[in-house]
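[1] what follows is a predicted protein model with its sequence.
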Amino acid sequence: MTTHVAPAPFTADDYRARATRVLADAAEQGLDGVLVTPGPDLVWLTGYRPTAITERLTVLVLARDHEPTLLVPALERPDAEAAEGVRGLALQAWADATDPYAAAAALLRADGTYGVSDSAWALHLLGLQERLPRSRYRALTDCLPMMRAVKGPDELARIAAAGAAADATYDQIVGHRFAGRRETEVAADLAALLREAGHEQVDFTVVGSGPNGANPHHEAGDRVIARGDAVVLDFGGLMHGYGSDTTRTVCVGEPSDELRRVHEVVRLAQQAGVDAARPGAACQDVDRAARAVITDAGYGEAFIHRTGHGIGVTTHEPPYMVEGEEQPLVPGMCFSVEPGVYLAGRFGVRIEDIVTVTADGVERLNRTSRELRVVE
């Protein structure tokens, strides 16, 4: 496989620019600031990923009325100081047997309204509310859903590299034997190939054969794959800190006429969804375009999930391509387009690419063939 050169790491200035933009966006939403707890938001804003997410409070406070401050347990301070994006922040440590919520409350307005990371523990939020009973909190997905949605050039390059590695994995896996092997064996091959292609983390390797393919999030099991089976392959993870996610459906041996027909419907639906993605279009337009093709073909009730999700430092994040999401697409957004048809007890078909919105349209970041592939 092709070896990808690791990109230059993000700098303290890169992280600082992100924090500045988040504060400006928060102010536009009437927020007094943003509270960022361990998870993807903290990684994106500081590069800091605590070695263990525990009951001890860690929170980055971005507020309009004082300098950005990272509050950490004292025993984790050395790790926090080593993170590139923590340089330039005020770093405040709290010791066991002291009250971390009182320390955090001192950084907040008593009657302020703050956006909070979706990954925040209820334990911590309730602790803050007890210290500041007039304060209010909103989930970041609700108040700043596009916080990480628009990627910069360095981020786009990482996602493109992850997509190319996933493509290389697919090109390899179709040369492996499927018939007579368990789903778990093929899933293990996928994971190994993703790592060989440069992924540091494998998040999922869906191998849904025959009737198991009708479950969109099927966990690979002990079912032995047989000739004639359709097999849904959905796999991805993180490479250089950014996600990949692609799906192709293959057939073990000669496909039936029905499988060919359903696969072609899904292929056309996926193309329609990609074609609908352009600057100014609403997220729901992508879903509507793909869903219309499947509905017109008579399989509308068998398309049981949204058409897509955003991708970045996690493999699932806003924006979501789903009915009711009117957020307009803008250049730099990256998301999946993945319609599917699922016939319970029989088989499923899904085709998925990651795309990025450009100035005048959209670019696929997965380029393997979307035709029905026959494997052994």
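    Received the coordinates, thanks.

[2] what residue of this structure is the furthest out?
    Note on the chain: the largest C-alpha distance from the chain mean falls to Ala97, namely 37.3 Å (C-alpha atoms, centre = their mean).

[3] could I get the full set of helices for this structure?
    12-28, 40-46, 77-81, 100-105, 122-131, 140-143, 153-173, 183-196, 257-276, 283-296 (DSSP state H).

[4] can I get those in TSV with distance to Gly348?
    In short, each C-beta sits where N, CA and C put it, glycine included. As requested, the helices of the chain are exported to TSV (distance: least, C-beta to C-beta, whole Å):
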stretch	distance to Gly348
helix 12-28	39
helix 40-46	29
helix 77-81	43
helix 100-105	47
helix 122-131	36
helix 140-143	28
helix 153-173	17
helix 183-196	13
helix 257-276	9
helix 283-296	13
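
[5] of those, which is nearest Gly310?
    Shortest separation from Gly310 across the helices of the chain is recorded for helix 283-296, at 9.3 Å, computed as C-beta to C-beta.

[6] send the alpha carbons of that closest one over as CSV?
    In CSV, the C-alpha atoms belonging to helix 283-296 read as follows (Å, rounded to 0.1, in the frame of the first residue of the first chain):
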residue,chain,number,x,y,z
CYS,A,283,-28.5,19.6,4.3
GLN,A,284,-32.0,18.1,3.9
ASP,A,285,-31.8,18.6,0.1
VAL,A,286,-29.1,15.8,0.0
ASP,A,287,-31.4,13.5,1.9
ARG,A,288,-34.4,14.3,-0.2
ALA,A,289,-32.6,13.7,-3.5
ALA,A,290,-31.3,10.3,-2.5
ARG,A,291,-34.5,9.3,-0.8
ALA,A,292,-36.6,10.2,-3.9
VAL,A,293,-34.8,7.8,-6.1
ILE,A,294,-35.3,4.9,-3.6
THR,A,295,-39.0,5.8,-3.0
ASP,A,296,-39.7,6.0,-6.7
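
[7] relative orientation of it and helix 257-276 in degrees?
    Here the directions of helix 283-296 and helix 257-276 differ by 160 degrees (axes from the mean of the first three to the mean of the last three C-alpha atoms, to 10 degrees).

[8] mind listing what's buried in stretch 94-113?
    For stretch 94-113, the neighbour count (16 or more other C-beta atoms under 10 Å) marks 94, 100-101, 103-105, 107-109, 112-113 as buried.

[9] Thr249: which of those is nearest?
    Thr113 (46.4 Å).

[10] you'd agree that closest one is up against Ala27?
    No - contact between Thr113 and Ala27 fails when scored by C-beta atoms under 8 Å: they sit 11.2 Å apart.

[11] overlap in contacts, those two.
    Common neighbours of Thr113 and Ala27, using C-beta atoms under 8 Å, 6 or more residues apart in numbering, do not exist here.

[12] confidence score at Ile53?
    pLDDT, Ile53: 69.

[13] isn't Val341 right up against Ile304?
    No - applying C-beta under 8 Å, one finds Val341 not in contact with Ile304, separated by 9.2 Å.

[14] neighbour count for these two, which is higher?
    Val341 (24 against 14; other C-beta atoms under 10 Å).

[15] which residues sit in contact with that one?
    The contact partners of Val341, by C-beta under 8 Å, 6+ apart, come to 262, 265-266, 294, 299, 302-303, 348-350.

[16] got TSV for the residues you listed, with pLDDT and neighbour count too?
    Below are the contacts of Val341 laid out as TSV (pLDDT from 0 to 100; neighbours: other C-beta atoms under 10 Å):
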residue	pLDDT	neighbour count
Val262	98	27
Val265	98	21
Val266	98	26
Ile294	98	24
Tyr299	98	21
Ala302	98	19
Phe303	98	22
Gly348	98	27
Val349	98	29
Arg350	98	24
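
[17] which residues of this protein score low on pLDDT?
    Flagging of the chain using pLDDT under 70 yields the residue ranges 1-4, 53.

[18] repeat that for 50
    Where the chain drops to pLDDT under 50, the residues are 1.

[19] mind giving me the domain split of it?
    As assigned by automatic domain parsing, the chain contains the domains 12-143, 153-375.
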